[in-house]
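Asks: Provide a 3D model corresponding to the input given below.
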Amino acid sequence: MKIGSIVCLVLFVLAAGLFLAQMWFSPMEAEAFVKTMVTLVVLFVVALCVTLVKKEYVDEKKMNDYGFID
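Replies: Next up, the predicted model:
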């Protein structure tokens, strides 16, 4: 969970920084900016989903090991 949270945070900060840089300085063309932002959003969602699924699996396994779930 910790690694997934860090990855999501880094992707979010990177996207926010890129957005602000594009808004103020326009370092890349509009098409490249949109493609980059969409890529960052997709990577963020994938990292978040993997993190949540892994956490759920680990929590359920612990509950099963302790006998709380049959």
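Asks: Walking through this structure, point out its helices one by one.
Replies: Applying DSSP state H to the chain gives helices spanning 2-25, 30-65.
Asks: Excluding chain neighbours, what is closest to the spatially most central residue of the chain?
Replies: Residue closest to the mean C-alpha point of the chain, counted by C-alpha atoms, centre = their mean, is F44 at 2.7 Å. Among residues not flanking F44 along the chain, L11 sits closest, at 4.5 Å (C-beta to C-beta, 6 or more residues apart in numbering). Using the backbone N, CA and C atoms, a C-beta is placed for each residue, glycine as well.
Asks: Double-check the one you found against L40; I have them as touching.
Replies: Yes - at 5.7 Å, L11 and L40 qualify as touching, with contact defined as C-beta atoms under 8 Å.
Asks: neighbour-wise, which of the two wins?
Replies: Neighbour count, other C-beta atoms under 10 Å: between L11 and L40, L11 has more, with 20 against 17.
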